[in-house]
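J.: 3D model of this:
(4 chains)
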Protein chains: 4
Amino acid sequence: MAGSSFGTLFKLSTFGESHGVSMGGIIDGCPSGIELDLLQIQADLNRRKPGQNSLVSERKEADEVQILSGVFEGKTTGTPIGFTIQNKDQNSKDYSHLKDTYRPSHADFTYEKKYGIRDYRGGGRSSARETVCRVVAGSIAKQILAKLGVQFSTYVKQIGRIELVSDSFFNQELIDASILRCPEPSISQQMQAEIVDCKAAGDTLGGIIQCVITDVPIGLGEPVFDKLHADLGKAMLSINAVKGFEYGSGFSSVTMKGSEHNDTFESSGATKTNFSGGIQGGISNGMPIVCRVAFKPVATIMKTQESINNKGQEILLEGKGRHDVCVVPRAVPIVEAMAALTILDHYLRQKANQL
Amino acid sequence: MAGSSFGTLFKLSTFGESHGVSMGGIIDGCPSGIELDLLQIQADLNRRKPGQNSLVSERKEADEVQILSGVFEGKTTGTPIGFTIQNKDQNSKDYSHLKDTYRPSHADFTYEKKYGIRDYRGGGRSSARETVCRVVAGSIAKQILAKLGVQFSTYVKQIGRIELVSDSFFNQELIDASILRCPEPSISQQMQAEIVDCKAAGDTLGGIIQCVITDVPIGLGEPVFDKLHADLGKAMLSINAVKGFEYGSGFSSVTMKGSEHNDTFESSGATKTNFSGGIQGGISNGMPIVCRVAFKPVATIMKTQESINNKGQEILLEGKGRHDVCVVPRAVPIVEAMAALTILDHYLRQKANQL
Amino acid sequence: MAGSSFGTLFKLSTFGESHGVSMGGIIDGCPSGIELDLLQIQADLNRRKPGQNSLVSERKEADEVQILSGVFEGKTTGTPIGFTIQNKDQNSKDYSHLKDTYRPSHADFTYEKKYGIRDYRGGGRSSARETVCRVVAGSIAKQILAKLGVQFSTYVKQIGRIELVSDSFFNQELIDASILRCPEPSISQQMQAEIVDCKAAGDTLGGIIQCVITDVPIGLGEPVFDKLHADLGKAMLSINAVKGFEYGSGFSSVTMKGSEHNDTFESSGATKTNFSGGIQGGISNGMPIVCRVAFKPVATIMKTQESINNKGQEILLEGKGRHDVCVVPRAVPIVEAMAALTILDHYLRQKANQL
Amino acid sequence: MAGSSFGTLFKLSTFGESHGVSMGGIIDGCPSGIELDLLQIQADLNRRKPGQNSLVSERKEADEVQILSGVFEGKTTGTPIGFTIQNKDQNSKDYSHLKDTYRPSHADFTYEKKYGIRDYRGGGRSSARETVCRVVAGSIAKQILAKLGVQFSTYVKQIGRIELVSDSFFNQELIDASILRCPEPSISQQMQAEIVDCKAAGDTLGGIIQCVITDVPIGLGEPVFDKLHADLGKAMLSINAVKGFEYGSGFSSVTMKGSEHNDTFESSGATKTNFSGGIQGGISNGMPIVCRVAFKPVATIMKTQESINNKGQEILLEGKGRHDVCVVPRAVPIVEAMAALTILDHYLRQKANQL
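T.: The predicted model follows:
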């Protein structure tokens, strides 16, 4: 059954395979009269792009978005925004050896079993290339949310064992000053060393991205199934390679006592602590929303691995292709995009709760 | 906007406030011709019930479900199954002092800001009493999945700092032999001691529930937004007091290398390790699905706390009412219910992917 | 797949079989803070009730609605409104002879083929008794719309060959002054004579209901699939026994020229004629919305008919039970309810189109 | 709120304005492994195209569809099918005089009031050009349904006052032998004469399209709101210029008695008559599905009309542009497409009703 749409009122649907003609999508339900900054969308795309620097995949993609509808004389018209991003540097021949092969911890096996057929080139639909569409839609969502005062700070909190201990809001300038999008320079350097070592070993790394969202209007989120953090969680878990999601105190709450964990109020309605992570009972309370997303290490490694083909025969699989040692820095704009899509959708939903 | 429904093909909608007339729901899309075991539903409800033993809330609820439609001569007819569970032991007077008060880390403040009105009795709609409806629907889903061979093992993995280190499948008999639903007796006893101490101090505890699901058909889960683990994650995060979700290696994957983390295949298509947690590319691969859900400590404590009222005045809030020191053991059937709803929904969805 | 819900933001889900324990439903997404007039809901239910007068079914049902949640101290809280209506006068034994029988132009055959099982008592889920839930939800929707100034005039326009030629707005007092809900007394009397004759012959009649809605805000309806009249049409076609729907000029537009049919503007934006029926391009234009719904004659007749049983054997079916000669007058509040649900849902949807 | 998607399991979302860069869409939920005949899609598009003959709009559009994803080596992969159709012969300058003008019985006024902004070129999103996307998706749906044996016969039943009295299934060859898609040559010639006269007068005509669908599997359609004919009705009413929908006996049932109207069974389960139009209780019964769709006369006429501009000033509007005198023949493939989308969606939905 159809599963390529996200959101209810601000709704993104995407299509596209890694090595197909193009990626693309439709944003349906975008409010009208919004002046769109196309350069800003491109800037967000550039943050996700391969080939940005020596630590990421060398695939070269212009990743230029073409808006096909829904914008007239620079403003949204309220009608669906169709868009495409061409696939250019596909090198499909890199993948012909994978036609009958199941790579470990990829989706080759499951797609073939599910559908009885699969586009094996570059992972087809299972490739993280699909997320380019999310960044387009998320960038538009962020522009709309910015008019409401909502601000995002999304950054790399951990790579391998190197961790930035903080849940602060950092400016994007500070974040982007780091090639790894970790706003603390000393930590960023340690992470970089870790990646360089790992690349030399032909291996890969995972990490954690933290997203801090400030000035979210109070009252977003719908009880009981569509709690704001439940929709945020689904949004993040739908990103390739994500293995876990937590908000506020998250897993660490488990070892706290209620008396330590409760966020007591100030007379303004703000709370003195923010273990709740900006959300109580599934509804935003005006405090910063803080969440963390865990990424597993990239499955494609530059080492020979044992595997099987689609006849069940054991084979040896050699590491090939142009892959990231660690996708986490490039995933920062994707996490931010999914957060923005979720918050804006709930903002529009909340408009229907009072006459 | 409406947020009280879960699922697309096997769809649960719920209603009810903690101290209203009754809780209830509709299951729409239940396949026809299924013989229902009502005693089994009641048994699942009893596992969630307050008043089971001395460590949980003393509220007395029969929690008897009444099926109002959709079942004829013991079998499902394919039409919606309506049901109610009466609220009996409400003691609403316990809550009259909360009419104008916002309790720390509860949903009092956010509901009032969102809706401009709130049913303050026992938390109203924000109470975990709503989950009684999930257990009814989940029990039906489990009965249907059992016919397909799918089995669930859901248990308490951690309370406070006491942890059961295992991701095994334990029989329900073993799980229920523990008053805390932790299948390892020595660990269960340590947890019990922790809870007794905590109760004496008027404080509360959180914990982790693990859910292991075996013999899930290969191919469940829809790319790209409705990945199986994304829907599982949303399901779990929608449960009261949940702060985090992970599956397979989860957050621990962050510190692993790709070469360690990759699950290599056996010739059967099974994998030698299961860091993927039974799901690759968002689609079940036939291995056991393993996920973990983190619960914060209960917000209602038996200590005096500072808080505010709805005029922004500072007040002192005394601990009252009949509350759990730790809800985690009672949440086991809720986690299992949400897992079953998710798996069955995706099973039905997968039927539409091939002609 | 689940099909028992209507609406997107103001969403009704229903359950219940004709001879089951009770009918009921959930209204999810009702705006908060609305003072509900329960007597008004009951008054609407009474207009639909069997046993109102000598021309309709003699089944006796109190049709008293019980609100189970979502209303606190007389006002809606924004949480789902659960409700039930008990089934009392079921006389299921009237139907035992139908256990293996397919009645002509009923849903007996199709339900059994679809589901492999059916509740044959009184038509089970296929009975128009289900519409009692729609009247409850529609009555709430009307109360909310009344606050926005929207007014409904729904009446019988045709029974058999007797037709009221008008598309005016008639007051409900005038409509209800007629036992048949036809606001023109002389026409109503002719209709009544037609029904009396038909009843004597053991036969049944169909008819047309017209719904006129005034002061609908401009701008309701979503291009391109969710046009206001497309959703109105689906709403009406989902009512039992409905065979056709048209709005504005409807089928009669086919024989008009464009130059006759075009509604030219007044400087106010109103139009001089209203062939558009208050909707242009799927969006309300502020003129009265006018639509018509065609009902076939009741399938249960008091004559002996040929039919078959579920073994494919030919049988003779005798007319039994307590049925209406013509359901059209009782369907007036149902049509109005479905119109109100559609308009309110689109009102809430439109709130999301501008920031 | 988003309204540009149709269907639940086989789901079409569309975008595009009449004079924008391109039209396009996404088909999500297409079953995998289906061999697609792209020439057949193009053939269906050609039947809808402007410039086919002297009686329709002279706008020249190649209307070539480009498939961007979801098809691999000629077969569907189960992933979303993205597609675009370029807009080429736009002549946007034809429309610059309409920037501030509201044309009678068009959507200019309502779009501007709804959104506060509108793309006035060629009607923007409100143009029937959007339906080109429906024909693409409908053609794919028909190819899938053909494998199941389902056959469509869609033709012009009435133009102005000239009517073909029949509800037969005609072969497409016979239908397409008529430039007006009316399969009875003598009637087709009378219609042609009517159109020629009307064109000379600068006026326009409406008409009725009939769709007959045979060998539909028994059991499609979901009670109670998603009845098969309710979804068919919504599908048809969402097509531009449609004012009414009926199925089976339709509006004519109103003047029949129950004893005349009831479809008595043959021992096979087929019925001797088909007033039910192939659907009983909202569920297909295996008899031919027969429905009719009423189109109003085209609003753009080649006569001078009074109108207003967006300042409320009265203006004179001259007839300009390249418009159809009667769109009904070109709407035949659109009606058929919407029927196919509805039937296939319900076919997939029915797969979830039994384990």
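J.: ok, A:P288 touching A:I213?
T.: Yes - checked against C-beta atoms under 8 Å, the pair A:P288 and A:I213 is within contact range at 6.5 Å. Where you see a C-beta, it was placed from the backbone N, CA and C, and this is true even at glycine.
J.: Those two: who's more crowded?
T.: Neighbour comparison, A:P288 and A:I213: the larger count goes to A:I213, with 25 against 18 (by other C-beta atoms under 10 Å in any protein chain shown).
J.: The more buried one belongs to a strand, doesn't it?
T.: Yes - under DSSP: H, G, I helix; E, B strand; the rest coil, A:I213 falls within a strand.
J.: Now do the contacts for the residue lying farthest from the centre of chain A.
T.: Relative to the centre of chain A, and counting by C-alpha atoms, centre = their mean, the farthest-placed residue is A:S267 at 36.2 Å. For A:S267, the set of contacting residues under the criterion of C-beta atoms under 8 Å, 6 or more residues apart in numbering or on different chains consists of B:308, B:312-314.
J.: Can you check what pLDDT the model gives it?
T.: We note a pLDDT of 94 for A:S267 in this prediction.
J.: Please name the nearest non-neighbouring residue to it.
T.: Counting by C-beta to C-beta, 6 or more residues apart in numbering or on different chains, the nearest residue to A:S267 once its immediate chain neighbours are dropped is B:G312, at 4.7 Å.
J.: Tally up the residues packed near that neighbour, please.
T.: Burial of B:G312 is recorded as 12 neighbouring residues (other C-beta under 10 Å).
J.: Close to chain C: what parts of chain A are there?
T.: Contacts of chain A with chain C, taken as C-beta under 8 Å from any C-beta of the partner chain, map to A:8-9, A:29, A:31-34, A:78-79, A:144, A:147-148, A:223, A:348-349, A:351-355.
J.: For chain A, which residues score under the pLDDT cut-off?
T.: With pLDDT under 70 as the threshold, chain A has low-confidence stretches at A:89-94, A:321.
J.: so where do the helices sit in it?
T.: Using DSSP state H, the helices assigned to chain A run over residues A:38-48, A:108-115, A:131-147, A:172-176, A:185-200, A:228-237, A:258-261, A:328-350.
J.: from those helices, which stretch is densest packed?
T.: Between the helices of chain A, the one whose residues have the most neighbours on average, counting mean count of other C-beta atoms under 10 Å in any protein chain shown, is helix A:228-237 (a mean of 29).
J.: Pick out the residue in the stretch 151-300 of chain A sitting closest to chain B.
T.: A:G281 (2.4 Å; C-beta to the nearest C-beta).
J.: Look up how far chain C lies from that residue.
T.: Distance, A:G281 to chain C, by C-beta to the nearest C-beta, to the nearest Å: 12 Å.
J.: Ok, A:G258 next?
T.: Counting by C-beta to the nearest C-beta, the gap from A:G258 to chain C is 26 Å.
J.: Chain neighbours aside, what residue packs nearest to that residue?
T.: On the basis of C-beta to C-beta, 6+ apart, the spatially nearest residue to A:G258 that is not a chain neighbour turns out to be B:T204, at 3.4 Å.
J.: about what we covered before: give me the spatial nearest neighbour of the residue of the stretch 151-300 of chain A closest to chain B, chain neighbours excluded.
T.: Leaving aside its sequence neighbours, A:G281 sits nearest to B:A107 (C-beta to C-beta, 6+ apart; 2.4 Å).
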